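*Asks:* Turn this into a structure:
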Amino acid sequence: GAHARGYNAHSIGICYEGGLNHYGMPEDTRTEWQRHSLRVLVRTLLLDYSDARVAGHRDLSPDLNGNGEVEPMEWTKQCPCFEVKKEKW
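*Replies:* Residues are numbered from 1 along each chain as shown. Below is the predicted model of the structure:
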């Protein structure tokens with residue numbers, strides 16, 4: 001299904017519920033079970049798609065200043081509200 005413009009034809013989208021604190025601001029609100037389930041799902045998918053890049057929506061935003069890094073000021077979305085590249089998949 002559609003989840004990230006420009007990537008839908010060759011990617012798998014994973015959704016989790018949460019990502020906002022009680023003020024409605026972006027925050028990593030995952031429970032331990034959500035973290036565990038996400039790790040299991042991603043590790044399982046990587047068995048079949050070993051060359052896959054694991055990224056969050058915000059990591060797929062355009063690099064507007066061309067410095068090779070998508071920085072917070074360039075994010076078109078805040079989600080997933082945690083650093084995907086720092087996770088231990």
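*Asks:* Now for Met25, how many residues are close by?
*Replies:* With neighbours defined by other Cβ atoms under 10 Å, the count for Met25 comes to 10. Every C-beta, even on glycine, is put in place using the N, C-alpha and C of the backbone.
*Asks:* Check the gap between it and Asp59 for me.
*Replies:* For Met25, the distance to Asp59 equals 20 Å [Cβ to Cβ, to the nearest Å].
*Asks:* all helices for this structure, in order.
*Replies:* Along the chain, the stretches classed as helices by DSSP state H are 32-48.
*Asks:* any low-confidence regions in it?
*Replies:* 1 (pLDDT under 70).
*Asks:* again, 80 this time
*Replies:* Along the chain, the model assigns pLDDT under 80 to residues 1-2.
*Asks:* centroid residue for it?
*Replies:* Among the residues of the chain, the one closest to the centroid is Gly56, at 1.8 Å (Cα atoms, centre = their mean).
*Asks:* which residues touch that one?
*Replies:* Contacts here follow Cβ atoms under 8 Å, 6 or more residues apart in numbering; on that basis Gly56 touches Cys79, Pro80, Phe82, Val84.
*Asks:* quick one, what contacts the second one?
*Replies:* It refers to Pro80. Taking Cβ under 8 Å, 6+ apart, one finds Tyr16, Gly19, Gly56, His57, Arg58 in contact with Pro80.
*Asks:* try 10 Å this time
*Replies:* Neighbour list for Pro80: 14-16, 18-19, 26, 28, 30, 38, 55-59, 87 [criterion: Cβ atoms under 10 Å, 6 or more residues apart in numbering].
*Asks:* Of the residues you listed, grab the buried ones for ChimeraX.
*Replies:* Entered in ChimeraX, the line below selects the buried ones among the contacts of Pro80, by 16 or more other Cβ atoms under 10 Å:
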select :16,19,26,30,38,56,57,58,59
